[in-house]
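*Asks:* sharing a model prediction with you, sequence too.
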Number of protein chains: 2
Amino acid sequence: MRREFKKKSKILLIDDNYEHLAGIRELLNLEGTFDVVGIATNVTVGLNLIKKYQPDIVLLDMNMPERDGLQGIIEISKLDLGTKVLALSGYDDADLIFRAMKIGAKGYVLKTMASAQLIYAIEEVLNGKIYLPLALSSRFFEYFQQTFREESAAKENAEEEENLLNYLTQREEEVLELLTQGITYKGVANKLFISETTVKTHVNNIFQKLQVNDRTQAVLYAINNGFLTKKVKMAV
Amino acid sequence: MRREFKKKSKILLIDDNYEHLAGIRELLNLEGTFDVVGIATNVTVGLNLIKKYQPDIVLLDMNMPERDGLQGIIEISKLDLGTKVLALSGYDDADLIFRAMKIGAKGYVLKTMASAQLIYAIEEVLNGKIYLPLALSSRFFEYFQQTFREESAAKENAEEEENLLNYLTQREEEVLELLTQGITYKGVANKLFISETTVKTHVNNIFQKLQVNDRTQAVLYAINNGFLTKKVKMAV
DNA sequence: AAAGATATAGACCATATGGTGTATAAACAA
DNA sequence: TTGTTTATACACCATATGGTCTATATCTTT
């Protein structure tokens, strides 16, 4: 009796176009190294099949009515079965690609692409890689950079204009930090082991420096000018 | 006299390794379709050459001391000459790739890659495309998805646990919105054409519903629970 | 018709907050 | 040594804020 050394990878297909669904199944069966454990024409059915058969990878059509592909990716990842999702779509819509990749698709291929490329994509994803064809990654990056361009432009402006927070002394920063937590003067005094009047003095100085005239505005200024993020800031 | 129909693309090279610099220059000169207008071993000199020669594309080494590659990309884009930047690096450091692409590099290639691939990358970028070799885009996406995984996990939690903001009435929301702008009760009263005591009543109800006991905490709750972003929220 | 939710508004009181001025000790810079 | 900055602290006072209760007019829902 022959032992099977290489277990076939379990694949599940979800696509509202049944013709296409059947076509891919044929293709994958012919290929021989895959085991198509199920097909579904909508996400709801697909999810049940995934729970039942626990496929290694799901080929998921993005352009479906009702619960669409993006939602599908989210639902599948919520199942927490480690199922990999390879997104399929008829169009190279940059926004769709971006969102799909962002929420965790392991790859994205067009239906118009050669079957060999689909097979390759599936294999790459099964090997734990993320696969996005050059043509699509190009679209992705345009969108990606455009998205961040505005963001960084805004951030730059914010950093260009002088930040009044820089004038605060060490102690004043500590006080302000506590204020941004909604703590009362008395509370601040206790936390810092100083008297309440001292806190008031610091607070007044903070108001002067930030050119505001009450707590709320000071807190808002701090939040809007990166006071909190300074300490946490990702190096992205 | 022969007319030149295809103008050679102007290229500038920046790399602190002179050997490598000279090597690439040779390669590009042999290729014949490029015109290497300058080479520099640091960003400062490079910037000056860019201003002088206005190259179409800059090959920029990422791993340089002092003003490094990332900073270089930023500086170049600040010149606002539309100069395209192709990042060069010895390593496939995911973080570096991610950051370079984020701040606008048009491509990223490894020094170890075949010269044909470098030429191809340059041509793609010159044609207005963004080029990231499959091996690198794969690294990029791993990092990209990881970065967003935590973010979306946090967001999901925030949305799962019931948001006390949902209990606010229309009017209370209006009042809260004004509070988040640091406006005083009297100010709110004037803006909404109601009496100050009415504002106080609303505010007290808001405190009850949000389970806080002062303005600052209410504002913080609102900010931390997407009160403001609800209206602006990008669909990213 | 009755009950409930909402927006309005007042009284009363306690406390928190903000404004201004003054003062002292320590650390530091000119 | 003198002047500056910083952290500390208090007095005094005005106003803003918050807590609780009551009350009315609409409007909706049952």
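*Replies:* Thanks, I have the structure now.
*Asks:* roughly how far apart are the nearest residue to residue A:61 once chain neighbours are set aside and DNA strand D?
*Replies:* Of all residues beyond its chain neighbours, the one nearest residue A:61 is residue A:15 (3.9 Å), with distances taken as CB to CB, 6 or more residues apart in numbering or on different chains. Bear in mind the C-beta positions are built from the backbone N, C-alpha and C, glycine included. Spatial separation of residue A:15 from DNA strand D under the definition CB to the nearest atom of the strand, to the nearest Å is 42 Å.
*Asks:* for residue A:104, same thing?
*Replies:* Residue A:104 sits 41 Å away from DNA strand D, taking CB to the nearest atom of the strand as the criterion.
*Asks:* give me the buried positions along stretch A:79-96.
*Replies:* Of the residues in stretch A:79-96, those buried by neighbour count under the rule 16 or more other CB atoms under 10 Å in any protein chain shown are A:83, A:84, A:85, A:86, A:87, A:88, A:89, A:92, A:93, A:94, A:96.
*Asks:* distance between stretch A:39-55 and the chain's centre?
*Replies:* Per CA atoms, centre = their mean, to the nearest Å, the displacement of stretch A:39-55 from the mean C-alpha position of its chain is 23 Å.
*Asks:* what sits up against it?
*Replies:* A:10-18, A:21-22, A:25, A:37-38, A:58, A:60, A:64, A:66-69, A:71-72, A:75-76, A:79, A:81, A:83 (CB atoms under 8 Å, 6 or more residues apart in numbering or on different chains).
*Asks:* with stretch A:124-139 instead?
*Replies:* Stretch A:124-139 is contacted from outside by A:9, A:56-57, A:84, A:86, A:92, A:94, A:97, A:101, A:106-110, A:113, A:117, A:120-121, A:140, B:129-132, B:134, B:137-138, B:141-142, B:145, using CB under 8 Å, 6+ apart.
*Asks:* pLDDT score for residue A:215?
*Replies:* Here, the pLDDT recorded for residue A:215 equals 87.
*Asks:* hmm, it is touching residue B:218, no?
*Replies:* No. Residue A:215 sits out of contact with residue B:218 when judged by CB atoms under 8 Å, with a separation of 11.8 Å.
*Asks:* and stretch A:169-187, average pLDDT?
*Replies:* 88.
*Asks:* pull out the buried residues from it.
*Replies:* If you call a residue buried by 16+ other CB under 10 Å, then stretch A:169-187 has these buried ones: A:172, A:173, A:175, A:176, A:178, A:179, A:180, A:182, A:183, A:184, A:185.
*Asks:* so residue A:115 sits against residue A:30, correct?
*Replies:* No. Checked against CB under 8 Å, the pair residue A:115 and residue A:30 is beyond contact range at 9.4 Å.
*Asks:* picking up where we left off before, residues near the residue nearest to residue A:61, how many?
*Replies:* Residue crowding around residue A:15 was assessed by other CB atoms under 10 Å in any protein chain shown; the count is 25.
*Asks:* wait, what's in contact with it?
*Replies:* Applying CB under 8 Å, 6+ apart, the residues contacting residue A:15 are A:21, A:24, A:39, A:41, A:59, A:60, A:61, A:64, A:88.
*Asks:* 7 Å instead, please
*Replies:* Each residue near residue A:15 by CB atoms under 7 Å, 6 or more residues apart in numbering or on different chains is listed here: A:21, A:41, A:61, A:88.
*Asks:* hmm, back to that, list just the nearest of the buried residues of stretch A:79-96 to DNA strand D.
*Replies:* Ranking the buried residues of stretch A:79-96 by separation from DNA strand D, with CB to the nearest atom of the strand as the measure, puts residue A:96 on top at 38.3 Å.
*Asks:* list phi and psi for the closest residue in space to the closest one that isn't next to it in sequence.
*Replies:* If the residues on either side of it in the chain are set aside, residue A:96 comes closest to residue A:62, at 5.8 Å by CB to CB, 6+ apart. Taking degrees, to the nearest 10, you get phi -80, psi -30 for the backbone angles of residue A:62.
*Asks:* my read: residue A:107 touches residue A:122, true?
*Replies:* No. Judged on CB atoms under 7 Å, residue A:107 makes no contact with residue A:122 at a distance of 8.3 Å.
*Asks:* which neighbours do those two have in common?
*Replies:* Residues within reach of residue A:107 and of residue A:122 at once, by CB under 7 Å, 6+ apart, are residue A:86.
*Asks:* check the contacts of residue A:15 and tell me the two furthest apart.
*Replies:* In terms of CB to CB, the contacts of residue A:15 reach their longest pairwise distance at A:41 and A:88, which sit 13.3 Å apart.
*Asks:* for the spatially closest residue to residue A:33 that is not a sequence neighbour, grab the count of nearby residues.
*Replies:* Take residue A:33 and drop its neighbours on the chain: the residue closest to it by CB to CB, 6+ apart is residue A:8, 6.2 Å away. The tally of other residues near residue A:8 (other CB under 10 Å) stands at 13.
*Asks:* got a list of what residue A:8 touches?
*Replies:* The contact partners of residue A:8, taken as CB under 7 Å, 6+ apart, are A:33, A:34, A:35.
*Asks:* pull out the buried members of these.
*Replies:* Taking 16+ other CB under 10 Å as the criterion, what is buried in the contacts of residue A:8 is residue A:34.
*Asks:* picking up where we left off before, the contacts of stretch A:124-139, buried ones only, as a PyMOL selection?
*Replies:* Those of the contacts of stretch A:124-139 that meet the burial criterion (16+ other CB under 10 Å) are gathered into one PyMOL selection, given here:
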select buried, (chain A and resi 9+56+57+84+86+92+94+97+101+106+107+108+109+110+121+140) or (chain B and resi 129+130+131+132+137+138+141+142+145)
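*Asks:* which ones among the contacts of stretch A:124-139 are found in strands?
*Replies:* Of the positions in these, A:9, A:57, A:84, A:86, A:107, A:108, A:109, A:110 sit in strands, assigned by DSSP state E.
*Asks:* with adjacent residues omitted, what lies nearest to the second one?
*Replies:* The shortest distance from residue A:57 to any residue that is not its chain neighbour, by CB to CB, 6+ apart, is 4.5 Å, and that residue is residue A:84.
*Asks:* again with the first one
*Replies:* When the adjacent residues along the chain are set aside, residue A:9 lies closest to residue A:56, with 4.7 Å between them (CB to CB, 6+ apart).
*Asks:* residue A:188 reaches residue A:201, doesn't it?
*Replies:* No. Residue A:188 is not in contact with residue A:201 according to CB under 7 Å; the separation is 11.7 Å.
*Asks:* who's more crowded, these two?
*Replies:* In terms of neighbours (other CB under 10 Å), residue A:188 is the more surrounded of residue A:188 and residue A:201; the figures are 23 against 14.
*Asks:* for the more buried one, helix, strand, or coil?
*Replies:* Look at residue A:188: counting by DSSP: H, G, I helix; E, B strand; the rest coil, its state is helix.
*Asks:* check residue A:227 too.
*Replies:* The three-state label given to residue A:227 by three-state DSSP is coil.
*Asks:* can you name the residues that contact it?
*Replies:* Contacts here follow CB under 7 Å, 6+ apart; on that basis residue A:227 touches A:165, A:176, A:180.
*Asks:* at 10 Å instead, please
*Replies:* Taking CB atoms under 10 Å, 6 or more residues apart in numbering or on different chains as the contact definition, residue A:227 lies against A:163, A:165, A:168, A:173, A:176, A:177, A:180, A:210, A:218, A:219, A:221.
*Asks:* no further questions, thank you.
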